[in-house]
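In: Predicted model, plus sequence, below.
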Amino acid sequence: MRDSKTKAMAGPRPVVLSGPSGAGKSTLLKKLIKEYDSVFGFSVSHTTRNPRPGEENGKDYHYVTREVMQAGIDNGDFIENAEFSGNMYGTSKAAVQDVQAKNLICILDIDMQGVRNIKGTNLNPIYISIQPPSIEILEKRLRDRKTESEESLQKRLHAAKVEMEFSKEPGAFDVIIVNDSLEDAYGQLKNALLEEINKVKKISMSS
Ligand SMILES: Nc1nc2c(ncn2[C@@H]2O[C@H](COP(=O)(O)OP(=O)(O)O)[C@@H](O)[C@H]2O)c(=O)[nH]1
Ligand SMILES: Nc1ncnc2c1ncn2[C@@H]1O[C@H](COP(=O)(O)OP(=O)(O)O)[C@@H](O)[C@H]1O
């Protein structure tokens, strides 16, 4: 009784999107933020990888050197950080606070190490896994995206197999979405977040 009351009164929870590189996380979250720009905000991570054509510093990532990133980690500026495919990635405390200061639901796009580490914090997000229909389709999508060298692609495919296994661990995720048809996957994502979307709408109507 008490638990359900606390749950009903709780504010909107952050959202974690995770899953293999190429599964469609950025495509889905960009669609979501576009449709609900007064509800969701993106947690801009730091990374040591190079920007891809079309990516913007401060919007897609904060692009930094290893030295700068490590100094920030040592300074306690990060909630979590991980090494992925030869580069460092991390969520700074400021990235999440910037979104929450605007009263938006914070969406994090992080790998499985990030998921594990966030579970040890008090962020209490909804964990959503985005999965490809198959490893073959994932490879085709990653190749068609034309952002990776052959070496980087192979590293991502290797990591993808591990990420796909992790998603099967009981309790790893609250929701698993297979991104076959984009429209179906987006519908499932919206459905999973309906309760949180309604909470934000209620709060903004009452203020
Ligand atoms: N742990 C962690 N992982 C991150 C962070 N930002 C991005 N990632 C993950 O790093 C991986 C690589 O991201 P990226 O280089 O943008 O490649 P993409 O996933 O192929 O578009 C993905 O699994 C992301 O979810 C972060 O701040 N922390
Ligand atoms: N349902 C889908 N069907 C076909 N292609 C897709 C689908 N979802 C995403 N894509 C494409 O697959 C590639 C990988 O998607 P992306 O959003 O970059 O993945 P992630 O952020 O998980 O690495 C992109 O080129 C994207 O346009």
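Out: That came through fine. Numbers count the residues shown, from 1 in each chain. Ligands and ions are numbered 1, 2, ... in the order given.

In: Am I right that Leu108 sits in a strand?
Out: Yes: membership of Leu108 in a strand is supported by DSSP: H, G, I helix; E, B strand; the rest coil.

In: anything in stretch 118-137 sitting right up against ligand 1?
Out: No: against ligand 1, stretch 118-137 shows no contacts by Cβ under 6 Å from any ligand atom, the least distance being 8.3 Å. No exception for glycine: its C-beta is placed from N, CA and C like everyone else's.

In: quick one: that stretch to chain centroid distance?
Out: Between the centre of stretch 118-137 and the centre of its chain there are 7 Å (Cα atoms, centre = their mean, to the nearest Å).

In: Export that stretch to CSV, keeping only CA atoms.
Out: Only the C-alpha atoms of stretch 118-137 are listed here, as CSV (Å, rounded to 0.1, in the frame of the first residue of the first chain):
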residue,chain,number,x,y,z
ILE,A,118,24.1,3.4,-13.0
LYS,A,119,22.4,0.6,-11.1
GLY,A,120,24.7,1.5,-8.2
THR,A,121,23.6,5.1,-8.1
ASN,A,122,20.4,6.7,-6.9
LEU,A,123,19.3,7.8,-10.4
ASN,A,124,16.5,5.2,-10.5
PRO,A,125,15.9,5.3,-14.3
ILE,A,126,13.7,3.1,-16.4
TYR,A,127,16.1,0.7,-18.3
ILE,A,128,15.2,0.1,-21.9
SER,A,129,17.1,-2.2,-24.2
ILE,A,130,17.0,-1.6,-27.9
GLN,A,131,17.9,-4.8,-29.8
PRO,A,132,18.4,-5.5,-33.5
PRO,A,133,16.3,-8.2,-35.2
SER,A,134,19.5,-10.2,-35.7
ILE,A,135,23.3,-9.8,-35.8
GLU,A,136,23.2,-10.0,-39.6
ILE,A,137,20.7,-7.1,-39.8
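
In: buried sites along that stretch?
Out: Across stretch 118-137, burial judged by 16 or more other Cβ atoms under 10 Å covers Ile118, Leu123, Pro125, Ile126, Tyr127, Ile128, Ser129, Ile130, Gln131, Pro132.

In: What is the most widely separated pair among those?
Out: Leu123 and Pro132 (26.2 Å; Cβ to Cβ).

In: low pLDDT regions in the protein?
Out: 1-11, 207 (pLDDT under 70).

In: Closest residue of it to ligand 1?
Out: Using Cβ to the nearest ligand atom, Gly114 is the residue of the chain that sits closest to ligand 1, at 2.6 Å.

In: Identify the residues contacting Val64.
Out: The neighbours of Val64, taking Cβ atoms under 8 Å, 6 or more residues apart in numbering as the test, are His46, Thr47, Thr48, Gly72.

In: For the chain, which segments count as helices?
Out: For the chain, applying DSSP state H gives helices covering 2-9, 25-35, 66-74, 93-101, 112-118, 135-145, 150-166, 182-206.
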